[in-house]
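*Asks:* One predicted model, sequence on top.
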Amino acid sequence: MAPISIKSVLISESVDPRCRAILEENGIRVTEKQNMKKDELIAEIKDYDGLVVRSATKVTADIINAADNLKIIGRAGTGVDNVDVDAATKKGIIVMNTPSGNTISAAELTCALLMSLSRNVPQAAMSMKQGNWDRKKFMGAELFGKVLGIVGLGRIGKEVASRMQSFGMRTIGYDPITPPEVSASWGVEQMSLEQLWPQCDYITVHTPLMPSTVGLLNDETFAKCKKGVKVVNCARGGIIDEAALVRALESGQCGGAGLDVFVEEPPKERSLINHPNVISCPHLGASTKEAQARCGEDIALQIVDMVQGKKLVGAVSSTQLFTCHLAGDMNLCFHQIKPAFSACWVFILDPGKILYSRCFIIYWTMCHSVCPNAMFSLQPNNYHRSLNDFDQLLSSLRCVNG
Ligand SMILES: NC(=O)c1ccc[n+]([C@@H]2O[C@H](COP(=O)([O-])OP(=O)(O)OC[C@H]3O[C@@H](n4cnc5c(N)ncnc54)[C@H](O)[C@@H]3O)[C@@H](O)[C@H]2O)c1
């Protein structure tokens, strides 16, 4: 990828100090200004080539449109929910996230919620604080020998599987992209969702939020589950339909839920949170010292790589074509039809020959998990294509390989 000149970066939130240190070590001027109001950020952003945020800064279209020099928006975290990726793409600004920095932390919180659900730990702790000694009310059940269904077998799904296997759980799962033989190598048997629902004692979801995953667990799918199934959502609010979950908890079809994420954060509707069989956290999946340090470091290193023209990792914006070089002469190409997450053509190419092509509904950070050592190279001639440009795209791919 051609080097991109980044001389100054604004960090608008509390990001781990390693981020600033790495940028400065690489000759980038860094300014840290927290708690800016929107107008202040609009006035300030004009002077910078780069902006680094976490979750609190809402990088809206009016901020992006005021940013005359901005070339990169980096989010120290997974996902870019707080960035208007469409507006950034229109302005040719690259939006990046750090997809793997908080994998372990999110996986560990998921396991904590699964364990808490099995033994009522939060409810028992609360009861003790109220002066009670109630040993009957909090009778639990072992995880050993139970079936855990993992929907979404990417980075976090995989880490959850290996940890819960150590408790003697049988792990089954579903993922439209991770090949069954790959998940089988880490102990997860894949099957269709229709086969998965009725087998699970526990279900945990680890997909992005996208049209195909909104309401994955709903009235209809809860009805296909074992009575009393317990569910965890440490991914994104809305993958489990919240109203359907309340109904399933009320009827006993769902025996308990562990929730870290909500459709609205913080949630105004409290019926779910107040339900006695729900344990919840205020979106703490990535809230560990280690995850914050990794994300701060990762975003700085990704920006430095960009400046040095090395590679583009964690980019979610722009309708560009990326090629990444696999072993030998084969290339794996991603053509993203729409920003952030949507349809994407994936090609595996031998020089001049397409070995494999398929259109996936895909979340952009997937690119990193499909091919973690990928060297992404930007092909500026391939911007703004759509499915209708497919033929043209194929010719340009041949050029890439020629
Ligand atoms: N609670 C938190 O603070 C926190 C922290 C980190 C990540 N997350 C969220 O966790 C989720 C998973 O993150 P990850 O890093 O493992 O992502 P990932 O991209 O590595 O994995 C996501 C997986 O979901 C699969 N998938 C896509 N559509 C699917 C569908 N319809 N059915 C089943 N699987 C499908 C993909 O193929 C992929 O393997 C994301 O939503 C992410 O935003 C939350």
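*Replies:* Cool, got the structure. Numbers count the residues shown, from 1 in each chain.
*Asks:* Now do the closest residue to residue 71 other than its chain neighbours, the pLDDT please.
*Replies:* For residue 71, ignoring the flanking residues on the chain, the nearest one in space by Cβ to Cβ, 6 or more residues apart in numbering is residue 49 at 5.2 Å. Just so you know, the C-beta spots here come from the backbone N, C-alpha and C atoms, and that holds for glycine as well. pLDDT recorded at residue 49 is 96.
*Asks:* now do residue 71
*Replies:* Taking residue 71 on its own, its pLDDT is 92.
*Asks:* do the longest helix seen in the chain and the ligand meet?
*Replies:* Longest helix in the chain by number of residues (criterion: DSSP state H): helix 289-307. No - against the ligand, helix 289-307 shows no contacts by Cβ under 6 Å from any ligand atom, the least distance being 7.9 Å.
*Asks:* Excluding covalently adjacent residues, which one is nearest to the residue of the stretch 201-350 of the chain found nearest the ligand?
*Replies:* Closest residue of the stretch 201-350 of the chain to the ligand, Cβ to the nearest ligand atom: residue 285 (2.3 Å). On the basis of Cβ to Cβ, 6+ apart, the spatially nearest residue to residue 285 that is not a chain neighbour turns out to be residue 106, at 3.9 Å.
*Asks:* still on that earlier bit, quick one: buried residues of the longest helix of the chain?
*Replies:* 291-307 (16 or more other Cβ atoms under 10 Å).
*Asks:* Around the ligand, pick out the residues from this structure.
*Replies:* Applying Cβ under 6 Å from any ligand atom, one finds that the chain approaches the ligand through 78-79, 99, 102-103, 106, 151-157, 174-178, 206-208, 212-213, 234-236, 260-261, 283, 285-286, 363, 365-366, 369.
*Asks:* Can you tell me which of those residues are buried?
*Replies:* 78-79, 99, 102-103, 106, 151-157, 174-175, 177-178, 206-208, 213, 234-236, 260-261, 283, 285-286, 363, 365-366, 369.
*Asks:* Residue 204 looks like it's in a strand, true?
*Replies:* Yes - Residue 204 forms part of a strand when assessed by DSSP: H, G, I helix; E, B strand; the rest coil.
*Asks:* List the beta-bridge partners for it.
*Replies:* residue 150, residue 232 (DSSP bridges).
*Asks:* Start at 728, not 1
*Replies:* Sure, I'll start numbering at 728, so the last one becomes residue 931.
*Asks:* Check what pLDDT it gets.
*Replies:* 98.
*Asks:* hmm, who's touching the longest helix of the chain?
*Replies:* 728, 730-733, 736, 742-750, 753, 755, 777, 779, 781, 799, 801-804, 821, 823-825, 827-829, 831-833, 1013, 1038-1041 (Cβ atoms under 8 Å, 6 or more residues apart in numbering).
*Asks:* now swap in stretch 829-844 and tell me
*Replies:* 804-805, 848-849, 870, 875, 882-883, 886-887, 890-891, 929, 931, 933, 957, 959, 961, 983-987, 1006, 1008, 1011-1015, 1017-1018, 1021-1022.
*Asks:* switch to 6 Å and redo it
*Replies:* 805, 849, 882-883, 886-887, 890, 929, 931, 957, 959, 961, 983, 985, 1006, 1012-1013, 1015, 1018 (Cβ atoms under 6 Å, 6 or more residues apart in numbering).
*Asks:* Show me which parts of it are buried, residue by residue.
*Replies:* So for stretch 829-844, counting by 16+ other Cβ under 10 Å, buried means 829-841, 843-844.
*Asks:* if I pick residue 753, what's in contact with it?
*Replies:* Residue 753 touches residue 1031, counting by Cβ under 6 Å, 6+ apart.
*Asks:* Distance-wise, check it relative to residue 1004.
*Replies:* As for residue 753, its distance to residue 1004 is 51 Å (criterion: Cβ to Cβ, to the nearest Å).
*Asks:* of the buried residues of stretch 829-844, closest to the ligand?
*Replies:* Closest to the ligand, out of all of those and judged by Cβ to the nearest ligand atom, is residue 833, at 3.7 Å.
*Asks:* Assign a three-state SS to that closest one, would you?
*Replies:* helix.
*Asks:* Distance check, it against residue 882.
*Replies:* 9 Å.
*Asks:* Check residue 932 too.
*Replies:* From residue 932 to residue 882 the distance is 14 Å (Cβ to Cβ).
*Asks:* any idea how far residue 900 is from the residue in the stretch 878-1027 of the chain that the ligand sits nearest to?
*Replies:* Proximity of the stretch 878-1027 of the chain to the ligand (Cβ to the nearest ligand atom) peaks at residue 881, 1.8 Å away. Note on residue 881: its distance to residue 900, by Cβ to Cβ, is 11 Å.
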